[in-house]
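J.: Sharing a model that was predicted from the sequence below.
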Amino acid sequence: MHKKAAELSPQVLEVIQEEKRKPGRRGPRDVETERKKKKLAADGLRAIKAKDARTFTELLRQAGIREGSPE
């Protein structure tokens, strides 16, 4: 242990250890928005793989992408 760690009370050390065990908080804060983005990306990829203009536009419409949309 470091010298400063030895000076901390056992309760403080326990809290520090608990915090270290928690998973990182880097994930999306709004899970629903992330799901929508992933679904939209998957639908867009499926449309690109269609290799037919009519099917492509129809799949994009079904995914909720309108003509002139920034997505």
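T.: Thanks, I have it.
J.: Every contact and neighbour count from this point should use C-alpha atoms.
T.: Fine.
J.: The longest helix anywhere in the chain: which residues count as buried?
T.: Of all the segments assigned as helix in the chain under DSSP state H, the longest by residue count is helix 31-49. Using 16 or more other Cα atoms under 10 Å as the test for burial, helix 31-49 gives 40, 43-44, 47-48.
J.: quick one: least confident helix or strand in this protein?
T.: Taking mean pLDDT, DSSP states H and E as the measure, the helices and strands of the chain show their lowest mean at helix 3-7, namely a mean of 63.
J.: Let me know the next secondary structure element after it.
T.: Sequence-wise, the next helix or strand beyond helix 3-7 is helix 10-21, with elements assigned using DSSP states H and E.
J.: avg pLDDT for that following helix?
T.: Model confidence over helix 10-21, given as mean pLDDT, is 82.
J.: again, but for stretch 51-62
T.: Taken as a whole, stretch 51-62 has a mean pLDDT of 83.
J.: Run the chain-centre distance for the longest helix of the chain.
T.: For helix 31-49, the separation from the chain centroid amounts to 12 Å (computed by Cα atoms, centre = their mean, to the nearest Å).
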